[in-house]
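Trainee: here is the input, now give the coordinates:
(2 chains)
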Amino acid sequence: MNCEKITYYIEKGFLTDLKISEKLQVKLHKLYCQCCKNYAPDSDFINQILVLLCEEDTSESLTDAEKQKLKDALQKLGDS
Amino acid sequence: MEKLTNIDTSQWVDEYADMLYNFAVVRVSDSDLAKDLVQDTFVSALKGIDKFQGKSTVKTWIFSILKRKIIDHWRKQESRKTKPMSFFTTEGMMKGKFLETYSPKGRLSEVEEKMENSELRELIIECIGALPPKWQGIVVDKMVDEKESEEVCNNHDITPSNLWVIVHRAKLQLRDCLEKKWFV
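Mentor: Coordinates of the predicted model:
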């Protein structure tokens, strides 16, 4: 179960300052646990790709039919 | 300053529908829901046209309506009752199987090298969509839009330690999802 706690501290460390005792536990644990050593770079990678989603993007578009439906609905609303 | 006397709603659709749709689909991870939100946004914009005073651009104004709708959607999801989670106990959702279920291999960054941006984008959206609905808004607010923790906690009515726990859980799942979908 310790890995669960350690990865939680690693995550928390991205968001806020860790207590000294927490930092120490992470350091010590990483000395002998390859999984948790791997965790930080993976986690950092996820942070980076999530931010990419924020970029304005129009790669996916609505179909012409869907747009027409929207236009009709708005037209009707505007007329009423 | 833009003035809207004769509103051409068709032009709104041509100009903003795709942008709004892409913005929404990333944040709600559901294309049908995103389409509904786009329609609702246009409808609200048209109904509230009197309140638009041209202090901002039409685009900014319409986007602000969509953002409110997305937050409303998240709040609705978050207010649904679910079983409380207990962390760090053998009774928790991991049931002591942390290492068997999640064993980071440190290979995720290989994904990026091998993947087109648009593919990666789709994959992430899919993985966010697979998260528990209650977490999705929090993850997007904090990790996609990179809002301050304080603002995220206010938006979703959670404490900072709730936030850390949710981010940790969500990232374990995201990592696992990306790894499984990619390294098949």
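
Trainee: in chain A, what residue lies closest to chain B?
Mentor: A:Asn38 (3.1 Å; Cβ to the nearest Cβ). Placement of C-beta: from N, CA and C, glycine included.

Trainee: name the element that residue belongs to?
Mentor: helix A:34-52 (DSSP states H and E).

Trainee: show me how the record splits chain B into domains.
Mentor: B:9-79, B:98-182 (automatic domain parsing).

Trainee: chain center to the longest one: distance?
Mentor: Read it as domain B:98-182. Relative to the chain's own centre, domain B:98-182 is displaced by 10 Å; criterion: Cα atoms, centre = their mean, to the nearest Å.

Trainee: hmm, A:Phe14 is touching A:Asn47, no?
Mentor: Yes. Look at A:Phe14 against A:Asn47 with Cβ atoms under 8 Å: they come within range, at 7.0 Å.

Trainee: and those two? which has more neighbours close in?
Mentor: A:Phe14 (16 against 13; other Cβ atoms under 10 Å in any protein chain shown).

Trainee: from A:Leu50, how far off is the more buried one?
Mentor: Between A:Phe14 and A:Leu50 the computed distance is 12 Å (Cβ to Cβ, to the nearest Å).

Trainee: cool, B:Lys180 as well?
Mentor: In this view, B:Lys180 and A:Leu50 are 18 Å apart by Cβ to Cβ.

Trainee: re earlier: and the helix holding A:Asn38, what does it pack onto?
Mentor: helix A:2-15, helix A:20-32, helix B:108-114, helix B:117-129, helix B:160-182 (3 or more Cβ pairs under 8 Å, 6 or more residues apart in numbering or on different chains; DSSP states H and E).

Trainee: with just CA atoms, put the helix or strand that comes right after it into CSV.
Mentor: Using DSSP H and E, the helix or strand that follows helix A:34-52 in sequence is helix A:64-79. Extracted C-alpha coordinates of helix A:64-79, given in CSV (Å, rounded to 0.1, in the frame of the first residue of the first chain):
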residue,chain,number,x,y,z
ASP,A,64,-23.4,20.9,-42.6
ALA,A,65,-26.7,19.1,-41.7
GLU,A,66,-26.1,19.7,-38.0
LYS,A,67,-25.3,23.3,-38.7
GLN,A,68,-28.4,23.7,-40.7
LYS,A,69,-30.4,22.3,-37.9
LEU,A,70,-28.9,24.8,-35.5
LYS,A,71,-29.7,27.6,-37.9
ASP,A,72,-33.3,26.5,-38.4
ALA,A,73,-33.8,26.2,-34.6
LEU,A,74,-32.4,29.7,-34.0
GLN,A,75,-34.4,31.1,-36.9
LYS,A,76,-37.6,29.8,-35.5
LEU,A,77,-36.8,31.1,-32.1
GLY,A,78,-35.9,34.5,-33.5
ASP,A,79,-39.2,34.7,-35.5
